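S.K.: No letters, just coordinates:
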């Protein structure tokens, strides 16, 4: 399996994977209208192209088949795992490698990801690979009330402070 940076030619495959995974993951947790409107709003080729430019986006490809996608956004105090999709939810290796590749870009930051409560496959996966459950967040997804739990993975490496003589001058 290869984990690589997602590129413009991958947009259609990312969209297909998102459609497949969203229906599998969220059916029964949110309405079909919410799933459809979320997919329409977030996974058109033009929206995905913009996301590829603004975020860390990685693809997992095995024997020419897209098996996973991850998207991370750095913030001042954390790396946010915005998206993690794996074609085979029970195959933790795909998700583990995507998270590892994303986290390696900002190893000094803890990583977090929000999971809709009741998405047992995702909650179990995050716990298995070392994330700890965190705060509960009430939210709105395309007009539907949802509750998420934020999961946290510690920083991989401590922040390195520059010696005082190497500090940037404001």
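M.R.: Looks like it came in fine. Quick caveat, the model's predicted, so the values are computed rather than measured.

S.K.: And the helices in this structure?
M.R.: 11-26, 32-42, 45-54, 92-103, 120-128 (DSSP state H).

S.K.: Who is the residue most central in space within the chain paired with across the strands?
M.R.: In the chain, the residue lying closest to the centroid (Cα atoms, centre = their mean) is residue 83, at 2.4 Å. Residue 83 has these beta-bridge partners by DSSP bridges: residue 71.

S.K.: Do you know the pLDDT at the closest residue to residue 136 other than its chain neighbours?
M.R.: Take residue 136 and drop its neighbours on the chain: the residue closest to it by Cβ to Cβ, 6 or more residues apart in numbering is residue 149, 5.7 Å away. To be clear about C-beta, it is placed using only N, CA and C from the backbone, and glycine gets the same treatment. pLDDT for residue 149: 97.

S.K.: returning to that earlier point: give me whichever of the helices of the chain is most buried.
M.R.: The highest average neighbour count among those, using mean count of other Cβ atoms under 10 Å, belongs to helix 92-103 at a mean of 20.

S.K.: Pull the residues that contact that helix.
M.R.: Contact with helix 92-103 is made by 1, 3, 56, 58, 60, 62, 67-72, 79, 81, 84, 86-88, 111, 125, 128-129, 153, 156, as judged by Cβ atoms under 8 Å, 6 or more residues apart in numbering.

S.K.: Neighbours of residue 138, how many?
M.R.: By other Cβ atoms under 10 Å, 8 other residues sit near residue 138.

S.K.: Which residue is the nearest non-sequential neighbour of it?
M.R.: Residue 138 sits nearest to residue 147 (Cβ to Cβ, 6+ apart), 5.7 Å away.

S.K.: Kindly confirm whether my reading is correct that that neighbour touches residue 140.
M.R.: No. Residue 147 is beyond contact range of residue 140, at 10.7 Å (criterion: Cβ atoms under 8 Å).

S.K.: Comparing these two, which shows the higher neighbour count?
M.R.: Using other Cβ under 10 Å as the criterion, residue 147 and residue 140 rank with residue 147 on top: 12 against 8.

S.K.: tell me the contacts of the more buried one?
M.R.: For residue 147, the contact set (Cβ under 8 Å, 6+ apart) comprises 116, 117, 136, 137, 138, 139.

S.K.: Not counting residues beside it along the chain, what's closest to the fourth one?
M.R.: The reference is to residue 137. Closest residue in space to residue 137, ignoring its immediate chain neighbours: residue 148 at 4.7 Å, by Cβ to Cβ, 6+ apart.
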